[in-house]
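Trainee: predicted model and sequence follow; I will ask about them next.
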Amino acid sequence: MGIPMNRLSIFVDGNNMFYAQQKNGWFFDPRRVLDYFRHEQAETTLINAFWYTGLKDPQDQRGFRDALISLGYTVRTKILKEYYDDNSGRYSQKANLDIEIVVDMFNTVDQYDRVVLFSGDGDFERAIELLRSKNTHITVVSTEGMIARELRNATDRYIDLNDIRPVIEKVDGQ
């Protein structure tokens, strides 16, 4: 028997995490996220890190996206769509990248043993059940009040953002 493989892929639902961080009143540093999960367990090899985000226009968040790419993230984007909300009487913008996240998870499934998913979206429940059936260990990172019960129940491990704040928070001047 060789050493058990500990190949890790990270998937960040950028829009979902933006609201979670806003709710918590602090933001995480994408570099510190990679460093934390790369060193959290011994013998970890970071295989992939994906970041998904909606854009107002093709130039939106250009500097941030370039920084993510230089850190090693694969960045997937979609232009925000405008919706009229009958309840509030306001227009809101949304870019749903759930399908892109799930496609990437299954397209790269042979490359990893562990997944860290930064999202609280219950739409991922079925995908996570299927990945777990392939002996993939799934960790979901979100925050209280923003994690769907179905998702929390489907995962192997749940981490609240606030519990790892000291090791992933964005610090001014970094």
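Mentor: Right, received. Where do you want to start?

Trainee: right, and residue 48 touches residue 114 too?
Mentor: No: taking C-beta atoms under 8 Å as the definition, residue 48 is not a contact partner of residue 114, at 11.3 Å. (C-beta placed from N, C-alpha, C; glycine too.)

Trainee: common neighbours of those two, please.
Mentor: residue 9 (C-beta atoms under 8 Å, 6 or more residues apart in numbering).

Trainee: who has more neighbours, these two?
Mentor: Under the neighbour definition other C-beta atoms under 10 Å, residue 48 and residue 114 were set side by side, and residue 114 has more, 21 against 18.

Trainee: who is that one paired with across the strands?
Mentor: residue 8, residue 137 (DSSP bridges).

Trainee: please name the residues that touch it.
Mentor: 6-9, 44, 136-139.

Trainee: residue 163 and residue 25: what is the separation?
Mentor: According to C-beta to C-beta, to the nearest Å, residue 163 stands 15 Å off from residue 25.

Trainee: who's more crowded, those two?
Mentor: The neighbour count for residue 163 versus residue 25, taken as other C-beta under 10 Å, is higher for residue 163 (11 against 7).

Trainee: follow-up on the earlier one: what about burial for the contacts of residue 114, which qualify?
Mentor: 8-9, 44, 136-139 (16 or more other C-beta atoms under 10 Å).

Trainee: quick check, nearest of those residues to residue 103?
Mentor: Within those, the smallest distance to residue 103 is 13.2 Å, found for residue 9 (C-beta to C-beta).

Trainee: could you measure from the closest one over to residue 45?
Mentor: Separation of residue 9 from residue 45 (C-beta to C-beta) stands at 10 Å.

Trainee: again with residue 80
Mentor: Taking C-beta to C-beta, one finds residue 80 at 35 Å from residue 45.

Trainee: now residue 118
Mentor: 19 Å.

Trainee: give me the more crowded residue out of residue 80 and residue 45.
Mentor: residue 80 (18 against 12).

Trainee: enumerate every residue touching that one.
Mentor: So residue 80 contacts 54-56, 93-95 (C-beta under 8 Å, 6+ apart).

Trainee: sounds good, over and out.
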